[in-house]
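J.: coords please:
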Amino acid sequence: MNIFVLLKRTFDTEEKITISNGSINEDGAEFIINPYDEYAVEEAIQVRDEHGGEVTVVSVGSEEAEKQLRTALAMGADKAVLINTEDDLEHADQFSTAKILAEYLKDKEADLIIGGNVAIDVGSGQVGPRVADLLGIPYVTTITKLEINGENVTVVRDVEGDSEVIETKLPLLVTAQQGLNEPRYPSLPGIMKAKKKPLEELELDDLDLDEDDVEAKTKTIEVFLPPKKEAGRILEGELTDQVSELVNLLHKEAKVV
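T.: Prediction:
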């Protein structure tokens, strides 16, 4: 089975993020594999181990993403591909990324493509469905279970606290939701093997694309941190007085009633 994983390098949200000159300050920031993409890598490895085949992890971005690709290789992926757009694209959005990925994948005869449900830095959840649409294959998002029997696939997906069972066929693109699996940690032997596994680096020219083909359709106007939370307020006095004051505050200050 020919399996591809869409992987993104993202900020570690457990680290303190600062804004400088209208953009996120990358100096000293810690970067990781997008957590939802870790579920995708793990699922791809499990599917390969059960059905045979090969897992290729693909990322679009700068050469710094090589570290996250090597981590995926250490987890157990077979090959990695970095499509380096650092010198070609000043601005990129979900359209740009999906267009590049689809162009790379169009002749790869992929049986299964797995991505994360969302990226924790942008959270749009657009790239996976866009890639599937460009490739003309079915897709199922936010999956929590995947069963493959020949060309037939049964998927369980998360739908706002409930679940939905979908039957479809390969080739297929799915996006991973939390609960699909428990991603493994790279082992020391895996880390050593990852250094020798192939990591191919491509540019837009290698895909017969130029900047106009993948020009962003959206523009970021402003980047800012959420406002600081105000301190809570403790209401005192008789219960009836507290209730009255609470309703008044919700109406006049919070403006939610």
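J.: hmm, residue 24 is touching residue 11, no?
T.: Yes. Counting by C-beta atoms under 8 Å, residue 24 touches residue 11, with 6.9 Å between them. Backbone N, C-alpha and C define where each C-beta goes, glycine included.
J.: who has more neighbours, these two?
T.: residue 11 (17 against 13; other C-beta atoms under 10 Å).
J.: quick check: bridge partners of that one?
T.: The partner list for residue 11 in beta bridges (DSSP bridges) reads residue 31.
J.: I'd like to know how far it sits from residue 163.
T.: Here the distance between residue 11 and residue 163 works out to 30 Å (C-beta to C-beta, to the nearest Å).
J.: one more: residue 184?
T.: Noted for residue 184: a distance of 24 Å to residue 163, by C-beta to C-beta.
J.: and if you look at residue 71?
T.: Relative to residue 163, residue 71 is positioned 30 Å away (C-beta to C-beta).
J.: of these two, give the one with the bigger neighbour count.
T.: When neighbours are counted by other C-beta under 10 Å, residue 71 and residue 163 differ, and residue 71 comes out ahead with 23 against 14.
J.: ok so that one is a helix residue?
T.: Yes. According to DSSP: H, G, I helix; E, B strand; the rest coil, the state of residue 71 is that of a helix.
J.: ok, which stretches of this protein are helices?
T.: Assigned helices in the chain, in chain order: 35-51, 66-75, 94-105, 127-135, 188-194, 239-252 (criterion: DSSP state H).
J.: buried stuff in the shortest one?
T.: The reference is to helix 188-194. With burial defined by 16 or more other C-beta atoms under 10 Å, the residues of helix 188-194 counted as buried are 190, 194.
J.: could you shift the numbering so residue one becomes 535, and keep it that way?
T.: I'll keep to 535 as the first residue from here, and by that count the last item is helix 722-728.
J.: and the contacts of it?
T.: Residues outside helix 722-728 that contact it (C-beta atoms under 8 Å, 6 or more residues apart in numbering): 604-605, 607-610, 720.
J.: just put the residues you listed in TSV and tack on pLDDT and distance to residue 781.
T.: Conversion of the contacts of helix 722-728 to TSV gives the following (pLDDT from 0 to 100; distance: C-beta to C-beta, whole Å):
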residue	pLDDT	distance to residue 781
604	96	57
605	96	52
607	97	58
608	96	56
609	96	53
610	96	56
720	93	54
